[in-house]
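S.K.: Curious how this folds, go ahead:
(chains A, B, C and D)
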Number of protein chains: 2
Amino acid sequence: MNSDFSLAVHSLTLLTLLPDHMSSSDAIAESASVHPVRIRKVLSLLRKQGLIKSKEGTGGGFIFASNPSEITLREIYKITSGGSLQPKCPDVNNSCVVGANMKDVLCSIFLDAEDHLGEFLGQYSIEDVVKSLKQKQ
Amino acid sequence: MNSDFSLAVHSLTLLTLLPDHMSSSDAIAESASVHPVRIRKVLSLLRKQGLIKSKEGTGGGFIFASNPSEITLREIYKITSGGSLQPKCPDVNNSCVVGANMKDVLCSIFLDAEDHLGEFLGQYSIEDVVKSLKQKQ
DNA sequence: GACACTGTAACTATTATTATTACAGTTATT
DNA sequence: AATAACTGTAATAATAATAGTTACAGTGTC
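M.R.: The predicted structure follows:
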């Protein structure tokens, strides 16, 4: 899986922990050791799905649009990495029974698999992640 | 996920369908539209785990070591793509509470997730894949 | 108006994946 | 024993995916 998922979870976790639940891409980027533009890209996805809001201009940044206890890893996975479980298949080869249909068969199995993964990830909210983090300390 | 998994499933499916359950890397590669060396590499992994056997020299190739109904997608996933669900995390950043522990938290969640995925994939044997393929025709 | 932000596009660098080449080792066939 | 058809594997090249960087327009605050 790519790191968009991790960055999204990281960002939301950080926002949850901050007193005013708000931060800039620069600050988040420093915490996550990545480039600020990458944070803006990832959080832009979350914003488009209504998980967070952003504010431009001085004193601006990113802030929750909903409650950290209501945002689950499932939603974040879907937004940032949906489809990444799907195994890559070589080109369909119509001159071969196996090559012609393998892609379809695997796709349908992994669509199901991704649903199951979604259910599993739905168990964990951002708040749960925050709790786990606090326990680690 | 990388395509090793798909190639492994493809190869085993093809072997199952062939009358003598045997084939060379060249023939499998053509069916899967990839380079023969790649097939040899992937099947080498399966061989090391005892799923198939290989025979060098003229008339050689790959052949099952066990029954297609006993090999599940779970084993194949583990062998070819185990760990690929794990989201990439940026470097641990010890100067930040979140950055310092996020990796651990996500790792443990996704280890569990991969177990669940394994259980799901365990439902499907190569024989099941073959059946699905035949239905598609 | 100066400053501190986000939003995005364009480009570069890095890393991961795949293909290709090369060749040693093995076995069947003649 | 020579040849041909295989696997095994390393080394390298090509391609694709990911991430970093630069640049700048737009927005809100002071």
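S.K.: Other residues contacting stretch A:30-43?
M.R.: Contacting residues not belonging to stretch A:30-43 are listed as A:3-4, A:7-8, A:10-11, A:14, A:25-26, A:28-29, A:52, A:54, A:62, A:80, B:90-91, B:93, B:96, B:98-99 [CB atoms under 8 Å, 6 or more residues apart in numbering or on different chains]. Every C-beta, even on glycine, is put in place using the N, C-alpha and C of the backbone.
S.K.: ok, and for the longest helix that chain A contains, which residues are buried?
M.R.: Counting residues, the longest helix in chain A under DSSP state H turns out to be helix A:97-121. The neighbour-count check on helix A:97-121 (16 or more other CB atoms under 10 Å in any protein chain shown) flags A:97-103, A:105-106, A:109-110, A:113-114, A:116-118, A:120-121 as buried.
S.K.: how much space is there between residue A:44 and residue A:60?
M.R.: 14 Å (CB to CB, to the nearest Å).
S.K.: hey, what's in contact with both of those two?
M.R.: Common contacts of residue A:44 and residue A:60 (CB under 8 Å, 6+ apart): residue A:54.
S.K.: how deep is the nearest residue to residue A:90 once chain neighbours are set aside tucked in, by neighbour count?
M.R.: Nearest non-adjacent residue to residue A:90, counting by CB to CB, 6 or more residues apart in numbering or on different chains: residue B:33, 4.6 Å away. Residue B:33 sits with 15 neighbouring residues when counted by other CB atoms under 10 Å in any protein chain shown.
S.K.: quick one: pLDDT of residue B:33?
M.R.: pLDDT, residue B:33: 94.
S.K.: about what we covered before: what residues does the longest helix of chain A touch?
M.R.: With contact meaning CB under 8 Å, 6+ apart, helix A:97-121 is reached by A:72-74, A:76-78, A:82-83, A:85-87, A:89-90, A:92-94, B:6, B:9-10, B:13-14, B:17, B:31-33, B:73, B:85, B:109, B:112-113, B:116-117, B:120-121, B:124, B:129, B:132-133, B:136-137.
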